[in-house]
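> got a sequence here, can you build the structure:
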Amino acid sequence: MSRLRPLGVATGCAALALALLAASPATAVAPPLSDPHVLVHFDPALGQLAENIALEPDGSADVTFLAARQVARVGLDGSVTVRATLPAPTNPDTPVVHFPAASGLARAEDGTLYIGYATGDDLAGVWRLTPGGDLTQLASIPNSLINGLTLDEHKGTVYAADSGRGVVWRVSTTTGEASVWASGTDLEPAGFIGANGIRKHHAAIWVSNTDKGTVLRIPICPDGTSGPVETRITGLDGIDDFGFTSFKDDALLAALNASSRVAYVTADGVASTVLTAADGLSNPTSVAVDEHRVYVTSASFSATPQDPNLLLARLDQ
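Numbering: from 1, shown residues only. Below you'll find the model as predicted:
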């Protein structure tokens, strides 16, 4: 949830992206990725602005549709099935974006999905969707801009990035109790969107800050509290969500929303562009990695014509 614009309005960034697309070759893919292709194009008129991804064991992807307040499953054949629609608030006043938005997504091993929802009222917070289709609110976090989610099943905890307040919430998957787990200036916005993407990786919670172009690492202490916030990566202008390429090290792929790029960042912090608008990106929002597949959602907030989509590429490493 990085650069929201009224639908159909071309901005300077959109014009630049289109100019780059016209001047670019058929593909701009770079190692360690190959074979990028758009698996499915979504319908912006239905609010299908693809925001976040959770992967299924069979290779299908669960995706949140930001403006439609929905979760859908996308098969490897390109089929799209809406699994749930979050309830509409009576008087939505979502911080920053001012409309109800389905945001982050995390999957448990049993297939349960945890969904971030930003509304500005008591419906805001974290919701749970069972494999059987039962949708319930796990935790109410009013006046929040809940964005990315990540799950620690061992500790029964969902971590949620709040882009408006610039904090990380900890939510119990058993009781629904929610409390601020991490805070500080490194997580706060600098005018628009702060803490955004979030991943649990190597006994720590990693968080992107969109306004500051950073990726932060927050250790999980033995007692479950947060350790000192450490800035691990800088210079990723407009970063949204991200995904680690393996469990072996800290290399990651980051969705750079405003510039319609995906960057590969090595474990020692060296960044390079590996996907661009020439490959099909249109304001990418999230990256998920499953062995040799890379999934990228594009919400297409500002591009004209709009093309929200789900892109697949191969990870060669």
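> can you check which strand is longest in the chain?
strand 33-41 (DSSP state E).
> for the stretch 1-150 of the chain, which spans come out with low pLDDT?
Within the stretch 1-150 of the chain, the stretches falling below the threshold (pLDDT under 70) are 1-26.
> now with 50, please.
Low-confidence segments of the stretch 1-150 of the chain (pLDDT under 50): 4-24.
> can you show me the strands along it?
33-41, 50-55, 61-65, 70-74, 80-85, 101-107, 113-118, 125-129, 135-140, 146-152 (DSSP state E, counting those that start in this stretch).
> who's in contact with the closest residue in space to residue 90 that isn't next to it in sequence?
Leaving aside its chain neighbours, residue 90 sits nearest to residue 121 (7.5 Å; criterion: CB to CB, 6 or more residues apart in numbering). Heads up, the C-betas are built off the backbone N, CA and C, glycines and all. Residue 121 makes contact with 89, 90, 91, 92, 93, 142 under the criterion CB atoms under 8 Å, 6 or more residues apart in numbering.
> wait, what's in contact with the first one?
Residue 89 is in contact with 100, 119, 120, 121, 123, counting by CB under 8 Å, 6+ apart.
> could I get the buried residue list for stretch 42-49?
42, 44, 47, 48, 49 (16 or more other CB atoms under 10 Å).
> for residue 170, see how far away residue 257 is.
With distances taken as CB to CB, to the nearest Å, residue 257 is found 26 Å from residue 170.
> now residue 73, which residues is it bridged with?
residue 62, residue 81 (DSSP bridges).
> list the residues that contact it.
Applying CB under 8 Å, 6+ apart, we find residue 73 in contact with 56, 60, 61, 62, 63, 80, 81, 83.
> which of those residues has the most neighbours?
Tallying neighbours with other CB atoms under 10 Å puts residue 63 at the head of these, with 30 neighbours.
> gap between that one and residue 277?
Distance of residue 63 to residue 277, given as CB to CB: 20 Å.
> next one: residue 71
27 Å.
> measure residue 291 to residue 189 for me?
Separation of residue 291 from residue 189 (CB to CB): 35 Å.
> what about the two, which has more around it?
Using other CB under 10 Å as the criterion, residue 291 and residue 189 rank with residue 189 on top: 19 against 9.
> OK, contacts around the more buried one?
Residue 189 is in contact with 163, 164, 166, 209, 210, 211, counting by CB under 8 Å, 6+ apart.
> A helix includes it, no?
No: Residue 189 is assigned coil when assessed by DSSP: H, G, I helix; E, B strand; the rest coil, not a helix.
> what distance do you get for it to residue 251?
According to CB to CB, residue 189 stands 27 Å off from residue 251.
> which strands and helices lie in contact with whatever helix or strand residue 205 lives in?
For residue 205, the host element (DSSP states H and E) is strand 204-209. With contacts defined as 3 or more CB pairs under 8 Å, 6 or more residues apart in numbering; DSSP states H and E, strand 204-209 has these neighbours: strand 146-152, strand 178-182, strand 195-200, strand 214-219, strand 239-244.
> what's the closest of the ones you listed to residue 232?
strand 214-219 (4.8 Å; CB to CB).
> now do that closest one and strand 195-200, the angle between them.
Here the directions of strand 214-219 and strand 195-200 differ by 40 degrees (axes from the mean of the first three to the mean of the last three CA atoms, to 10 degrees).
> could we number from 55 for the rest of this?
Noted, 55 is the first residue going forward, which turns the last one into strand 268-273.
> no further questions, thank you.
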